[in-house]
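**Student:** build the 3D model from these lines:
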Amino acid sequence: MRWLAIPVAIALGWLLFTLSPLWALYDLARAVRARDVAYVERHVNFRTLRLSLVRQTTAAVKAAADSNPTLEPRERQQLSDAAVGLALALAETMVTPETVIDLLDDGWPQRLDLPRPEAQPPSGLNLDRVGKLVPYYLMSEMRGFRTVVIPVPPEAARIVQTRIRMRLRGWSWRLIDIEVNEALRQRMAAGLAKTIAKAQQGLGRN
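**Tutor:** A predicted model of the protein is given here:
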């Protein structure tokens, strides 16, 4: 039976490896509950997170512009370009450890002054004990050996989930991306479009 030792060891090693990001997620959830800014600063890649949120927001703005029959193609392109530039500038100041904690706490960043729809349920990291890791593990998706995507909460419908992407760097997992739920993405895009419209009106008056 010695020949079974190698495949069993490989299977056990793979299981432990796939569990490792869940332990990192559990530690992140504890940091969120404790409002531990220092921990979040060390375990979040803010550069990739900012770029991801810019892409999500500007894609929603572009989709809204493309569906507006009153806009000419040139106006749609101008709106998209303005959205990218403004979103990049805003992301630098708005995507901070505090806002990440605020977002992961219940799935909605109250600091950004975006009203939550009444029908939008809380979708934060509810991990106050180790036993709650099981559904997160069952719904997690390994992307190769170094990346995992985890839906939050795992039992919710896709449209209301916040999806966390973590990547292995050295010997630790870091959060590199947060795909926000559809309602928040639309609110962020609407706020960005409104800011652009106000800026364009101001330029027109001048």
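
**Student:** any stretches of the chain with poor pLDDT?
**Tutor:** 1-5, 8, 11, 13-14, 71, 198-206 (pLDDT under 70).

**Student:** so where do the strands sit in it?
**Tutor:** Assigned by DSSP state E, the strands in the chain fall at 141-143, 147-152, 162-169, 172-179.

**Student:** looking at the protein, which helix is longest?
**Tutor:** In the chain, with assignment by DSSP state H, the single longest helix is helix 5-34.

**Student:** other SSEs contacting it?
**Tutor:** In terms of contacts (3 or more C-beta pairs under 8 Å, 6 or more residues apart in numbering; DSSP states H and E), helix 5-34 is packed against helix 37-43, helix 97-106, helix 133-139, strand 147-152, strand 162-169, strand 172-179. Any C-beta I mention is one placed from the backbone N, CA and C, and that applies to glycine too.

**Student:** rebuild the strands of the chain as JSON lines, extending it with mean neighbour count and distance to residue 195.
**Tutor:** Formatted as JSON lines, the strands of the chain follow (neighbours: other C-beta atoms under 10 Å; distance: least, C-beta to C-beta, whole Å):
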{"stretch": "strand 141-143", "mean neighbour count": "12", "distance to residue 195": "34"}
{"stretch": "strand 147-152", "mean neighbour count": "20", "distance to residue 195": "28"}
{"stretch": "strand 162-169", "mean neighbour count": "19", "distance to residue 195": "24"}
{"stretch": "strand 172-179", "mean neighbour count": "19", "distance to residue 195": "21"}
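
**Student:** which of these sits closest to residue 6?
**Tutor:** strand 141-143 (21.9 Å; C-beta to C-beta).

**Student:** what's that closest one in contact with?
**Tutor:** Strand 141-143 has contacts (C-beta atoms under 8 Å, 6 or more residues apart in numbering) with 18, 148, 149, 150.

**Student:** try it again at 10 Å.
**Tutor:** For strand 141-143, the external contacting residues (C-beta atoms under 10 Å, 6 or more residues apart in numbering) are 14, 17-18, 21, 147-151, 163, 165-167.
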